[in-house]
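Q: Any chance you can model this:
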Amino acid sequence: MRRQLIQKFQARDAHIAVIGLGYVGLPLAVNFAQAGYSVTGIDLDSHKVGAIQCGESYIEDISSDDVAALVKPSHASTGGPPRLRATTDYAVLAECDAVSICVPTPLNKTGDPDMSYIASATAEVARYLHPGMVVVLESTTYPGTTTEVLLPKLTENGLRLRVGEDFFLAFSPERVDPGRKDWTTRNTPKVIGGVTNACLEVACAYYSQAIETLVPVSSTSTAEMVKLFENTFRSVNIALANELLLMCNKLGLDAWEILAAAATKPFGFMKFTPGPGLGGHCIPIDPLYLSWKLRTLEYNARFIQLASEINTEMPRYWVQKVQDSLNDVGKAVKGSRILVLGVAYKKDVSDMRESPALDIIHLLEAKGAHVRYHDPHVPSFRHEGMDMTSVADLDAALTSVDCVVIATDHTAYDWAHIADRAPLLVDTRHVAP
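A: Residues are numbered from 1 along each chain as shown. Below is the predicted model:
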């Protein structure tokens, strides 16, 4: 079974499925299809499925031209099936040789991992699991998830399939950074851990046809921990940069000047910069998966908790800066007209997940400010009772407000022009002159 499956992958004669067609799943599905596999994307969002079937992309990293080329018949003269299809029906898994699970892993209201998406996807995979199938989890999660959650569900489906012999199970964490052009799904090194050595071998054969560099590790738990440590490293160092800003504010020093000077050291230093807080799915959330898991083992991950506290408080720091700036010109926050530039969590994308700009808007409105926003990538949004639309005329908005807050440094903005037009400017990203 192992040899036959590897041969199928090497010949790129396999039919694979990708569950979850978001910022991770769609680029992965497109990459697999471009490598020559027959790919079916599965998502319960019929709008996403419909867009793909029409050859349209809803993610900045993937062009509609690429999707359109893949959903056309693969052999125009013979009318062969397209390389990429999409569906809401999990039944297609019955004919698939491999499946990658790329579903969300948010935190619930108590800050504990919400495993419902993984559990639901795994239940569907178990329903259609068959001999000669490889299952790879890509969703970021705590160490032990693959063996403690997926493996029992997949081996209790009534077929008594043996892992490493009849089917193969692995974990390979996604490393997607939305908006990047230099590092993509194809050329970013990919960590893979298998439940058994045979699982690792098959999973590597599966991914090696579409990914340039694979990094095999000893177990699925190791691979899960690699992902969490990567993002914990970033969270802790961003928190240190944010605390530098807080300390320099007390000392009357310029934190960005200090960072720029420190970055000239050619060894022993890696530059991280302050900002409005953490955004995106990974950095604000992943370290908390690790600290949650360690709490179950009676260990307190102190760095993670402290970093989370500092980063979470940054929106309040910047709202205080807005309040101070208005106070300096004899105005109160209450009743002031404030324009927030950028609500995406990072520049040049539309991804708003965990965006600190949303916290800044909430806090300003709670103080009685009249807040509007502009974002070239987010025409409108709804979030926790807010229903807002980006201002149509940025120039007019700049001169009709009391204060402008830069929350996201989109390259589409002319910062010199904005600085010249804005009556007051609070710059969380240090991008304007």
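
Q: Quick one: residues in contact with stretch 227-246.
A: For stretch 227-246, contacts defined as Cβ atoms under 8 Å, 6 or more residues apart in numbering pick out 140, 142-143, 173-175, 191, 255, 258-259, 270, 272-275, 277-278, 282-284, 286-287, 289-290, 303-304, 306-308, 310-311, 314, 317. Where you see a C-beta, it was placed from the backbone N, CA and C, and this is true even at glycine.

Q: Do a quick rundown of the helices in the stretch 201-350 of the chain.
A: 220-251, 255-262, 286-295, 302-328 (DSSP state H, counting those that start in this stretch).

Q: need the least confident one among the ones you listed, by mean pLDDT.
A: Set side by side, those give their lowest mean pLDDT on helix 286-295, at a mean of 92.

Q: helices or strands up against that one?
A: Applying 3 or more Cβ pairs under 8 Å, 6 or more residues apart in numbering; DSSP states H and E, we find helix 286-295 packed against helix 220-251, helix 302-328.

Q: could those helices go into JSON lines alongside mean neighbour count and distance to residue 182?
A: Formatted as JSON lines, the helices and strands packed on helix 286-295 follow (neighbours: other Cβ atoms under 10 Å; distance: least, Cβ to Cβ, whole Å):
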{"stretch": "helix 220-251", "mean neighbour count": "19", "distance to residue 182": "17"}
{"stretch": "helix 302-328", "mean neighbour count": "18", "distance to residue 182": "26"}
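
Q: how about a markdown table for those, with distance to residue 376 added?
A: As requested, those are arranged in a markdown table below (distance: least, Cβ to Cβ, whole Å):
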| stretch | distance to residue 376 |
| --- | --- |
| helix 220-251 | 25 |
| helix 302-328 | 21 |
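
Q: closest to residue 207 out of these?
A: Closest approach to residue 207 among the helices and strands packed on helix 286-295 (Cβ to Cβ): helix 220-251, 12.2 Å.

Q: Next, count neighbours for residue 67.
A: By other Cβ atoms under 10 Å, 25 other residues sit near residue 67.

Q: So for the helix or strand it falls within, what gets flagged as buried?
A: Per DSSP states H and E: residue 67 is located in helix 64-71. For helix 64-71, a neighbour-count test (16 or more other Cβ atoms under 10 Å) marks 66, 67, 69, 70, 71 as buried.

Q: follow-up on the earlier one: how about the helices and strands packed on helix 286-295, which one is nearest residue 56?
A: Of all the helices and strands packed on helix 286-295, it is helix 220-251 that lies closest to residue 56, at 30.2 Å by Cβ to Cβ.

Q: How far off centre is that closest one?
A: Helix 220-251 has its C-alpha centroid displaced from the chain centroid by 16 Å (Cα atoms, centre = their mean, to the nearest Å).

Q: tell me which element residue 361 is part of?
A: Here residue 361 is assigned to helix 356-366, by DSSP H and E.

Q: partners of the helix or strand just after that helix in the sheet?
A: For helix 356-366, the following helix or strand on the C-terminal side (DSSP H and E) is strand 370-374. As defined by DSSP bridges, the strand partners of strand 370-374 come to strand 337-341 (parallel).

Q: report the angle between the axes of the strand it pairs with and helix 302-328?
A: Interaxial angle of strand 337-341 relative to helix 302-328 (axes from the mean of the first three to the mean of the last three Cα atoms, to 10 degrees): 140 degrees.

Q: For strand 337-341, buried residues please.
A: Applying 16+ other Cβ under 10 Å to strand 337-341 flags 338, 339, 340, 341 as buried.

Q: what's the answer for stretch 177-186, then?
A: Buried-residue list, stretch 177-186, by 16+ other Cβ under 10 Å: 177, 178, 185, 186.

Q: Check the residue nearest the centre of the chain and give its pLDDT.
A: Relative to the mean C-alpha position of the chain, the nearest C-alpha, by Cα atoms, centre = their mean, is the one of residue 281, at 4.3 Å. We have a pLDDT of 80 for residue 281.
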